[in-house]
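Visitor: Need coordinates for the below:
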Amino acid sequence: MGTRLLGATLLLSLVDALQAFAIEKKGDVFKKTACPAFLVFESVAYLADMTFELPCKCKPEETSTVVWYFQKNLYSHETTVLTDFNGTVIVDSSHIRVGSDLLKRFSIRMFSLIVFRAQVRDSGHYLCGTKEGLFFYGYDVDVQPTRQITVAFLDKEQHVQEDYTGKDFTLFTMFWDWTSCDRCGVRGEQRRIGLCYVQSAELKPRYRTTLPNVTSCGSRAVPSRFGSLIHLRNPEVAIRSCLASCSEKEAPEEGVQSISNIVYKLGKRPELPHVPIQYHNQLPKTDLVISCPGARPEHAVAWDKGSMRLYRSYYLLGVRKNMRLFIDHGNHLHIQRVHSKDKATYFCWREGELVAGFQLSVIFQPRRQRSPSDPESIFVMRAVGISFAIVIGIFFLVHLSCYISQVFRKAAKP
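Guide: Residues are numbered from 1 along each chain as shown. Predicted coordinates:
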């Protein structure tokens, strides 16, 4: 093992020693960045449904456009081109025909690849280069799932997962910073997202990590014999209560404030917060998903139903069985099998500020009374008339046949 580690160290040292410099243009600013002579992959990890950006950190000065490639496996012959060969800055995925929905969530902007709402299937190698297949920089992306995420409510004295130590590796959770309080002026909640990471001296040296011998559990830097690591440990989320004061709003002018006070005294003070309200009609027994404007999965987002706080300690997905109203790990509010009791105004908080409201109305389709002149009514009456005529015809035929048979019987008697 010591020889292998020494060889890996020498290889990385050689890569650093042979680095060449390229010039990258961003707007009117030229930035000098180092490109490795031997292509390595920078390992990064995200949670499913997150949006992230992969910058092409280096390219030759004469290259004005880059092409992004995706490979599920490093040595696979199946490679997906994520941009056209004309160097389009912003790619319209509707013009790209690859036979997959993979490109509907990808965009190229200023040499950087943006992945919208990444899914587990998006894990793999991303490379920026030229249409001739010359690669400049590469990423090893690990998108970890949220379906089996482990949740710890610290106020309920629940604890995060303990480290797991095996023969050649150690599994642990690397937590991000706590989010800001998702509400202000009232009790709110904070989240802390943690992703699964592994520490081992057996990692492949071609992958560049932030910490030595540490990478995410789904990284391709992990040897294949450790392939079951991702099943041993799940990503997790820690949640705790918080209380934050609201920032002081700019006070209106004196005249406007006086008029406002008179209006409030004469009439009823409005109960709804002064935020943009979106109106939505929903049919009963259907499912509805509401997103908070401008919010991403890593943001601090909270939901209220009128004046009722929808705290994650009770409304987070998976907390209770048979949940019809719940918040998922991407901060979306779900209402399943909508019925009349769901009629309300739902408010969302983003980063501790109330930003929007959604007034939900449950509508029932009224039964339309048809007139005799409607085409449907004419069709029904015609069908009923024809059916009645056929029945009457069959009735007379049966009786006529019985009468004829009786006549023949009487005629046959001596």
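
Visitor: what about the strands in the stretch 1-150 of the chain?
Guide: 20-26, 29-35, 41-47, 52-54, 67-71, 79-81, 106-109, 112-115, 124-129, 135-144, 150-153 (DSSP state E, counting those that start in this stretch).

Visitor: Quick one: list the elements packing against the fifth one.
Guide: This points to strand 67-71. Judged by 3 or more CB pairs under 8 Å, 6 or more residues apart in numbering; DSSP states H and E, strand 67-71 is in contact with strand 79-81, strand 124-129. Every C-beta, even on glycine, is put in place using the N, C-alpha and C of the backbone.

Visitor: Can you say which of these is packed in most?
Guide: Each of these was scored by mean neighbour count; the highest is strand 124-129, a mean of 22, by mean count of other CB atoms under 10 Å.

Visitor: Now do it against strand 67-71: the angle between them, please.
Guide: Orientation of strand 124-129 against strand 67-71 (axes from the mean of the first three to the mean of the last three CA atoms, to 10 degrees) gives an angle of 160 degrees.

Visitor: Low-confidence ranges, this protein, go.
Guide: Applying pLDDT under 70 to the chain picks out residues 1-36, 75-77, 83-104, 227, 230, 249-273, 365-371, 412-414.

Visitor: Of all the helices and strands packed on strand 67-71, which one is nearest residue 228?
Guide: strand 124-129 (19.0 Å; CB to CB).

Visitor: Pairing partners for the closest one, with directions?
Guide: Within its sheet, strand 124-129 is paired with strand 67-71 (antiparallel), strand 135-144 (antiparallel), according to DSSP bridges.

Visitor: List the residues that contact the nearest residue to residue 155 once chain neighbours are set aside.
Guide: In this structure, residue 155 finds its nearest non-sequential neighbour in residue 241, 5.3 Å apart by CB to CB, 6 or more residues apart in numbering. Residues near residue 241 by CB atoms under 8 Å, 6 or more residues apart in numbering: 155, 187-190.

Visitor: Quick one: the strands in the stretch 301-414 of the chain, in order.
Guide: Applying DSSP E, counting those that start in this stretch to the stretch 301-414 of the chain gives strands spanning 301-305, 308-310, 325-327, 333-335, 344-350, 353-362.

Visitor: CSV for these, including distance to residue 391 and mean neighbour count?
Guide: CSV is the format used below for the strands of the stretch 301-414 of the chain (distance: least, CB to CB, whole Å; neighbours: other CB atoms under 10 Å):
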stretch, distance to residue 391, mean neighbour count
strand 301-305, 58, 23
strand 308-310, 61, 15
strand 325-327, 54, 19
strand 333-335, 50, 19
strand 344-350, 54, 22
strand 353-362, 45, 17
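
Visitor: what residues are up against residue 187?
Guide: Taking CB under 8 Å, 6+ apart, we find residue 187 in contact with 241-243, 309.

Visitor: Show me this structure divided up by domain.
Guide: The record's domain split for the chain, according to automatic domain parsing, is 2-144, 150-243, 272-362.

Visitor: Tabulate these in CSV, adding columns for distance to residue 381.
Guide: Converted to CSV, those look like this (distance: least, CB to CB, whole Å):
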stretch, distance to residue 381
domain 2-144, 49
domain 150-243, 61
domain 272-362, 31
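
Visitor: right, and those domains - which one's nearest residue 380?
Guide: Once these are compared by CB to CB, domain 272-362 is nearest, at 26.2 Å.

Visitor: what distance separates the closest one from the centre of its chain?
Guide: 16 Å (CA atoms, centre = their mean, to the nearest Å).

Visitor: related to what we said a few turns ago, Provide a ChimeraX selection command restricted to the buried entries of the contacts of residue 241.
Guide: In ChimeraX, this line selects whichever of the contacts of residue 241 come out buried by 16 or more other CB atoms under 10 Å:
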select :188,189,190
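
Visitor: and the gap between residue 351 and residue 201?
Guide: 41 Å (CB to CB, to the nearest Å).

Visitor: Repeat that for residue 319.
Guide: From residue 319 to residue 201 the distance is 39 Å (CB to CB).

Visitor: before we move on, what about residue 43?
Guide: 16 Å.

Visitor: of those two, who's got more company?
Guide: Between residue 43 and residue 201, residue 43 has the larger neighbour count (other CB atoms under 10 Å), namely 22 against 13.

Visitor: and that one, what does it touch?
Guide: Neighbouring residues of residue 43 by CB under 8 Å, 6+ apart: 139-140, 142, 207-209, 215-216, 219, 221.

Visitor: rewinding a little: list just the one of the domains of the chain that sits closest to residue 411.
Guide: That would be domain 272-362 among the domains of the chain, by CB to CB, at 69.0 Å.
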